[in-house]
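**Student:** Generate a structure from the sequence data that follows.
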Amino acid sequence: MEEDKKNEGADPFLREPVTKEDDAGSMYVAVIGNDGTVLDATPITPEALTAVQETLRNLQAVSIKAKRAKRVTPFPEVTSQHTTPFPGTDSFLVLTGSFGPNVAKQPTLWSEGQGFDLTTPSGKLRVQGQTIGENTSLQHYVTSQIGPEGLKELAGLLDVYNLLTQGQDQMQNVEVTAKQVLQRIGKGDHADDDDEQAHLLNTLLYLARTLVVGVSSKQMRISPLLVLESVTTDQYGTIQLKYHLGAETFESIYGPKPLLYPLPTPRIIGYHGTKSQHELMLTVFLGNRLALRESYSLYFVTLCTHSGLLTHEKLLPAQKNRMRDAQQIISALAQLERDEFIWCGPHPDLDMVLAVNVCLNASKEPLSQQTIGRIQSLLRSLEGCKNTELNAKRRVALQRLLDVEASNEERSKENPEFCSRLTIFPGAQFLGKQKFLLEKQKEPFSEKS
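**Tutor:** A predicted model of the protein is given here:
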């Protein structure tokens, strides 16, 4: 009777198990409903009682955690036109470049539990934890987990900060759960997964413990992207994050002279970290370079290496997959053109590859109308060509794009006989959303909210 009173009014699943022993010494585990009705009674042996009680306690803990998680209010869903402001600074490019495969890592030279250096395509980073444990975790993250998927988590952390603070005070912290950030970047039902939350925490720690110490050949010291105040876990397993932006990051986005570019948030969070790594890395790289430029010119080889996608070695003629890799990057450029994030100026070799792919039906997605207009004359000139001829023309164009020796950015004059630079412009969506963000920064806080 005392046990029944103790359980009165409780959730049937969470109530304490009631054990009874009959005259023959048999034992039962019973589940009692809110109205006192016995919902189930299962006989057990005395030897099994301890194991059954432990199982019930574990089920109870899981149920409490699940109920708690349901009460975490998700942020509004990202709309199709949503944009996240990203810093358009050289130092930010050094950091984001570390999420690509073209990063120099030397784990055999790293002392266990100590900080370490990373060389990215455009500069140098110092990764330094505050404890031996942090350094160990950071070493594991950089050697085994870091990749383009981390850019989506970075976008989520910056987007949530922007949503909650609107950049009013650099020292203002945001307090959110790991689940809310993951929901914001489209993880949905997987936002509760332990692996997803652990990866987010590792990315967060990396962003908070990484200094930019060099941009190209210049030595400098730029504060981490964000300042991590705390990570706590309550009794239900809910992970709470508390952080604010570093000084340089805040200044570039919300300062009196902002230097930013519009990240197309829905497109970024929709990309697969591995299958769409080219689109992810090129969006971040080209967006950064176009933040304060009307156009950006570079050789195709430079685009491959400085975006963090390919190493110089993978572009050399001896690499049998280099043309396949180049085609993937060209496809990603075409995707960014379809999104009106960029548009490419006329280029004989790039346009030849695109035109041949159209003739061979090799393009997975249709080209934008602007791109089709640019290559229209080439398409007409290729009419009637056999597949062998088309493949030969594409191969020559790719070889010219991948001419490593002729792709010397330090030369003031290019030699069009070998290869020429691409010229890339900000697209209509880029310019419109950048203008919107810059005007938004000037509004009073009440209007922003």
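**Student:** ok, Leu350 to Ser381 distance?
**Tutor:** Distance, Leu350 to Ser381, using C-beta to C-beta, to the nearest Å: 16 Å. To be clear about C-beta, it is placed using only N, CA and C from the backbone, and glycine gets the same treatment.
**Student:** Which one's more surrounded, the two?
**Tutor:** The residue with more neighbours, out of Leu350 and Ser381, is Leu350; 24 against 13, by other C-beta atoms under 10 Å.
**Student:** Which strand or helix spans the more buried one?
**Tutor:** helix 348-359 (DSSP states H and E).
**Student:** Return the alpha-carbon coordinates of that helix using CSV.
**Tutor:** Taking Å, rounded to 0.1, in the frame of the first residue of the first chain, the C-alpha atoms of helix 348-359 are listed here in CSV:
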residue,chain,number,x,y,z
PRO,A,348,38.3,29.6,-73.8
ASP,A,349,39.2,26.5,-71.9
LEU,A,350,36.6,26.5,-69.1
ASP,A,351,33.8,27.2,-71.7
MET,A,352,35.1,24.5,-74.0
VAL,A,353,34.8,21.9,-71.2
LEU,A,354,31.3,23.1,-70.4
ALA,A,355,30.2,23.1,-74.0
VAL,A,356,31.6,19.6,-74.7
ASN,A,357,29.8,18.3,-71.6
VAL,A,358,26.6,19.6,-72.9
CYS,A,359,27.2,18.0,-76.3
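**Student:** Could you give the separation of that helix from the chain centroid?
**Tutor:** Distance of helix 348-359 from the chain centroid (C-alpha atoms, centre = their mean, to the nearest Å) equals 30 Å.
**Student:** got it, and stretch 168-184?
**Tutor:** Offset of stretch 168-184 from its chain centre (C-alpha atoms, centre = their mean): 16 Å.
**Student:** what's that stretch in contact with?
**Tutor:** By C-beta atoms under 8 Å, 6 or more residues apart in numbering, the residues outside stretch 168-184 that reach it are 69, 72-75, 78, 153, 156-157, 159-161, 164-165, 190-192, 196-197, 200-201, 229, 238-245, 247, 250-251, 254, 445.
**Student:** Check stretch 187-202 too.
**Tutor:** Residues outside stretch 187-202 that contact it (C-beta under 8 Å, 6+ apart): 69, 137, 141, 145, 149-150, 153, 156, 178-183, 231, 239.
**Student:** cool, and stretch 328-337?
**Tutor:** Where contact means C-beta under 8 Å, 6+ apart, the residues beyond stretch 328-337 that reach it are 276, 278-279, 282-283, 286, 300, 303-304, 307, 309-310, 342-344, 350, 353-354, 363-365, 367-368, 370-371, 427.
**Student:** What subset of the residues you listed is buried?
**Tutor:** Among the contacts of stretch 328-337, those classed as buried by 16 or more other C-beta atoms under 10 Å are 276, 278-279, 282-283, 286, 300, 303-304, 307, 309-310, 342-344, 350, 353-354, 367-368, 371, 427.
**Student:** thinking again about what came up before, inside helices: which ones of the contacts of stretch 168-184?
**Tutor:** 69, 153, 156-157, 159-161, 164-165, 196-197, 200-201, 247, 250-251, 254, 445 (DSSP state H).
**Student:** Residue ranges in the protein under the pLDDT threshold?
**Tutor:** Scanning the chain for pLDDT under 70 picks out the ranges 1-26, 29-36, 38-39, 41, 46-49, 51-53, 55-72, 444-449.
**Student:** C-terminal to the one helix or strand Leu151 maps to, what's the next element?
**Tutor:** Leu151 is part of helix 149-165 when elements are defined by DSSP H and E. Next in sequence after helix 149-165, counting helices and strands by DSSP H and E, comes strand 174-177.
**Student:** quick one: strands adjacent to that next one?
**Tutor:** Strand 174-177 pairs in its sheet with strand 239-245 (antiparallel), by DSSP bridges.
**Student:** For the closest residue to Val227 other than its chain neighbours, grab the count of nearby residues.
**Tutor:** Leaving out its chain neighbours, the residue that sits closest to Val227 by C-beta to C-beta, 6 or more residues apart in numbering is His244, at 5.4 Å. Neighbourhood size, His244 [other C-beta under 10 Å]: 19.
**Student:** ok, now Gly188?
**Tutor:** For Gly188, the number of neighbouring residues by other C-beta under 10 Å comes to 10.
**Student:** Quick check: phi and psi at it.
**Tutor:** Phi and psi for Gly188, reported as degrees, to the nearest 10, are phi 60, psi -130.
**Student:** Any chance you could list what contacts the helix holding Leu151?
**Tutor:** 75, 78, 84-86, 96, 99, 172, 174, 176, 180-182, 184-185, 199-200, 203-204, 206-207, 225-226, 243-245, 253, 263, 265, 268-269, 271, 273-274, 280-281, 284.
**Student:** re the thing from before, restricted to strands, list the buried ones among the contacts of stretch 328-337.
**Tutor:** 342-344 (DSSP state E).
**Student:** Only whichever of the contacts of stretch 168-184 are buried, select them in ChimeraX.
**Tutor:** Restricted to buried positions by 16+ other C-beta under 10 Å, the ChimeraX selection for the contacts of stretch 168-184 reads:
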select :72,78,153,156,157,159,160,161,165,191,192,196,197,200,201,238,239,241,243,244,245,250,251,254
